[in-house]
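Undergrad: Predicted model, plus sequence, below.
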Number of protein chains: 2
Amino acid sequence: MHGLLRDRQQWSIPLHGNSETIRTMARQDARERILEAAYDLFAHQGTRSVGVDAIIEKSGVAKMTLYRHFKSKQDLVLAFLERREALWTEDWLIREVSTRTSDPKERLLAIFDAYHDWFQIDDFEGCAFINVLLEYPAHNPLHGAAAGHLAKVRAYIGDLAVRAGIGNVPEFCDVWHMLMTGCTIAAAEGNRAAALEAKRAAQRILDHWSE
Amino acid sequence: MHGLLRDRQQWSIPLHGNSETIRTMARQDARERILEAAYDLFAHQGTRSVGVDAIIEKSGVAKMTLYRHFKSKQDLVLAFLERREALWTEDWLIREVSTRTSDPKERLLAIFDAYHDWFQIDDFEGCAFINVLLEYPAHNPLHGAAAGHLAKVRAYIGDLAVRAGIGNVPEFCDVWHMLMTGCTIAAAEGNRAAALEAKRAAQRILDHWSE
DNA sequence: CGTTTTAGACAGACTGGTTTGTATCGAGAC
DNA sequence: GTCTCGATACAAACCAGTCTGTCTAAAACG
C-alpha cells in the first residue's frame, strides 16, 4: 500500500510539467480510449476470447472506469458493433464504393473491388458482424444486434439496386449479400482472390437479373 | 447416475461370450459416448462455449476417462470435426444429393435443395466447419482443420463439376461454395428461404458458366 | 484570491464462478 | 493381480464484476 503510494508519486513527478493537460485529456477520452482498445481487440481476436482485463490493460484504464462507462461487457460489445458500422460500413465500404464509380450498377460490382483490397490486408480481421453472429446463440441480444448490422449492409445494397432499376430487390439483396459473406469466409480460409472470383460470378448474376 | 450403471451392466451381460470383446467394447463404448455427447454439444453450442465438464456430464463419464481417450480438448474438437465430416458431409450431404438425381449438373443444384431441408430444422445448428474456422485464429490448428474440412466439401463440388463438363473447375468450386456458405450465414441470421434464393442465383451462374 | 468540496480517474485486491487438466481411490470385470 | 472405469478432490489459470482507497483537477464557496 505504502509502496504503491510511493510508486504513484514517482510516476507523477516526471509528468509534473504538463500534468493538468494529461489529466484533462485522460478524463475526457477515457471512454474513447476504452472503446478504441476494445475495437482493436474485438475486431482481431473476437469478442468472446478477449477479456475485459485485456481491454483495461491496453487502454491503461482502471476497471471501475470501464464499468462506469459501460454497464457490462455486453454493453461494450454493442458499442463496438455500432462503431464497427460507423467505421467499416459507412466510413469505409460505402465511401470506398462511392469514390470508385457513381453508376449504381457499377457500384454494386465495385463492392467486390473494395473487398479485394480488404482481403489483401496483412492481418485481415474478417467481418465482425458475421463473427459475433456466430459467436452467440440465437436468443442472445448480441446475435440479434449483429444480424441488425448485417441487415443494414443489405439495406445499402437494396438502395443501390433500386437506383439501378433492378427487379425483385429483396431477393437480389439476399443473394448479393450471400456472395459477399461467402467470399469473406473464403478469405478467412486464406483465399486472397475470393473477392475477384465472387465479382465475376456477381457480374453473371447481375446480367441475368436485369433482363 | 445409478440408473446409468445398471443400464451399463444390463448392456454388458448379453455380451458375456468373449472377454476380450467386452473389455474392448467397454473401452470403445466410453470413447463413443464421449464423442457422441461432444458432437451434440459442439454442433449446437460451438466448441468454445462448451466445456469438458458439460461433455462428461452428458456422457456420464469420468473426467479422467475423457482424458484417457483424448489427450486434450483440442484433440476432442479434432475428433468432432472428423465425425462431422463423416456424418454431415458424407452420410448426409453427399448421400442426400445422390438420392435426388444422378445427373452431375442437377446434383450441383440439388445441393441447395438439401440445404433448404437442412435450414428448416427447428434447432438449426449451422455449419460446424465455418463456426470452428471463425472461432479460432489463423495460427490455431483447429482453424486449419476446419479449413481442411471445408476444402473437402469443395473437392466434392469439383468432382461433380468435372463430371458435368464444366470449365475452370477451381474457380467454379470456389464460387459455388461461396453461395453455399453465404446462404448458411443467411440461414443463421434467420432467413429460412436462403437456400431457395441461392439456388436460383446458382442456376444463373451455372447457365453462363457452361456456355 | 485562497480554501474546500466534488467528480472522475487510477490501482489493485477481492468475490464467485468457470475453465482445462491432474491425481487419487475404490469398485468391478476377467 | 491387472485393467478400466467412475467419483471426487484438486491445481492453476482465467473470467466478469465489485469494492476500497488514493490522487488530482476543476468547480464552488469564503
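TA: Received it, and whenever you're ready, just let me know what you need. Numbers count the residues shown, from 1 in each chain, chains lettered A, B, ... in the order given.
Undergrad: can the lengthiest helix in chain A be found next to DNA strand D?
TA: For chain A, the helix with the greatest residue count under DSSP state H is helix A:141-163. No. Helix A:141-163 lies out of reach of DNA strand D by Cβ under 7 Å from any atom of the strand, never closer than 12.1 Å. Yep, even glycine has a C-beta here, placed from its N, CA and C like the rest.
Undergrad: And for stretch A:120-140?
TA: No. Under the criterion of Cβ under 7 Å from any atom of the strand, DNA strand D is not reached by stretch A:120-140; the shortest gap measures 12.2 Å.
Undergrad: Which positions within that stretch qualify as buried?
TA: A:125-136 (16 or more other Cβ atoms under 10 Å in any protein chain shown).
Undergrad: got it, and stretch A:62-75?
TA: So for stretch A:62-75, counting by 16+ other Cβ under 10 Å, buried means A:65-66, A:69-70, A:73.
Undergrad: For chain A, which segments count as helices?
TA: Using DSSP H, helices in chain A cover A:2-12, A:19-28, A:30-45, A:52-59, A:63-69, A:73-84, A:95-100, A:104-119, A:128-135, A:141-163, A:169-189, A:194-209.
Undergrad: For the ones you listed, give me CSV that also has distance to B:T184.
TA: CSV is the format used below for these (distance: least, Cβ to Cβ, whole Å):
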stretch, distance to B:T184
helix A:2-12, 52
helix A:19-28, 44
helix A:30-45, 23
helix A:52-59, 31
helix A:63-69, 35
helix A:73-84, 21
helix A:95-100, 25
helix A:104-119, 19
helix A:128-135, 10
helix A:141-163, 13
helix A:169-189, 9
helix A:194-209, 16
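Undergrad: and those, which one's lowest on average pLDDT?
TA: In terms of mean pLDDT, the lowest-scoring of the helices of chain A is helix A:2-12 (a mean of 27).
Undergrad: separation between the residue sitting nearest the centre point of chain A and A:G148?
TA: What sits nearest the mean C-alpha location of chain A, by Cα atoms, centre = their mean, is A:R84, with 3.1 Å. Distance of A:R84 to A:G148, computed by Cβ to Cβ, to the nearest Å: 12 Å.
Undergrad: same check, this time on A:D174
TA: Remark: distance between A:D174 and A:G148 (Cβ to Cβ) = 16 Å.
Undergrad: again, but for A:W118
TA: Note on A:W118: its distance to A:G148, by Cβ to Cβ, is 21 Å.
Undergrad: Please identify which of those two sits among more neighbours.
TA: Between A:W118 and A:G148, counting by other Cβ atoms under 10 Å in any protein chain shown, A:W118 is the more crowded of the two (19 against 14).
Undergrad: correct me, but the more buried one touches A:C127?
TA: No. Applying Cβ atoms under 8 Å, one finds A:W118 not in contact with A:C127, separated by 9.4 Å.
Undergrad: sorry, back to before: just put the buried residues of stretch A:120-140 in TSV and tack on distance to A:R31.
TA: As requested, those are exported to TSV (distance: Cβ to Cβ, whole Å):
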residue	distance to A:R31
A:E125	23
A:G126	26
A:C127	25
A:A128	20
A:F129	23
A:I130	27
A:N131	24
A:V132	21
A:L133	26
A:L134	28
A:E135	24
A:Y136	24
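Undergrad: nearest to DNA strand D, of those residues?
TA: Set against DNA strand D, the nearest of the buried residues of stretch A:120-140 by Cβ to the nearest atom of the strand is A:E135 (12.2 Å).
Undergrad: Show me how chain A divides into domains.
TA: Annotated domains of chain A cover A:1-70, A:78-211 [automatic domain parsing].
Undergrad: who wins for proximity to chain B among those domains?
TA: Closest to chain B of the domains of chain A is domain A:78-211 (Cβ to the nearest Cβ; 3.0 Å).
Undergrad: do the closest one and DNA strand C meet?
TA: No. Domain A:78-211 lies apart from DNA strand C when judged by Cβ under 7 Å from any atom of the strand; the minimum separation is 14.0 Å.
Undergrad: Quick one: end-to-end distance for that domain.
TA: 41 Å (Cα to Cα, to the nearest Å).
Undergrad: Relative to the whole chain's centre, how far out is it?
TA: Put simply, domain A:78-211 sits 12 Å off its chain's centre (Cα atoms, centre = their mean, to the nearest Å).
Undergrad: touching chain B at all, it?
TA: Yes. Domain A:78-211 lies within reach of chain B by Cβ under 8 Å from any Cβ of the partner chain, at A:126, A:130-131, A:133-135, A:137-138, A:147, A:150-151, A:171, A:174-175, A:177-183, A:185-186, A:188-191, A:194, A:197-198, A:200-201, A:204-205, A:207-209.
Undergrad: Extract the CA atoms of stretch A:172-192 and return them as CSV.
TA: Output in CSV follows, covering the C-alpha atoms of stretch A:172-192 (Å, rounded to 0.1, in the frame of the first residue of the first chain):
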residue,chain,number,x,y,z
PHE,A,172,-31.4,-9.6,-55.1
CYS,A,173,-30.1,-8.1,-51.8
ASP,A,174,-30.1,-11.5,-50.2
VAL,A,175,-28.2,-13.2,-53.0
TRP,A,176,-25.8,-10.3,-53.4
HIS,A,177,-25.1,-10.4,-49.7
MET,A,178,-24.6,-14.1,-49.8
LEU,A,179,-21.8,-13.7,-52.3
MET,A,180,-20.3,-11.0,-50.1
THR,A,181,-20.4,-13.1,-46.9
GLY,A,182,-19.4,-16.2,-48.8
CYS,A,183,-16.3,-14.6,-50.2
THR,A,184,-15.5,-13.2,-46.7
ILE,A,185,-15.5,-16.7,-45.3
ALA,A,186,-13.3,-17.8,-48.2
ALA,A,187,-10.9,-15.0,-47.4
ALA,A,188,-10.8,-16.2,-43.8
GLU,A,189,-9.9,-19.6,-45.1
GLY,A,190,-7.0,-18.0,-46.9
ASN,A,191,-8.3,-17.4,-50.4
ARG,A,192,-6.9,-14.0,-51.2
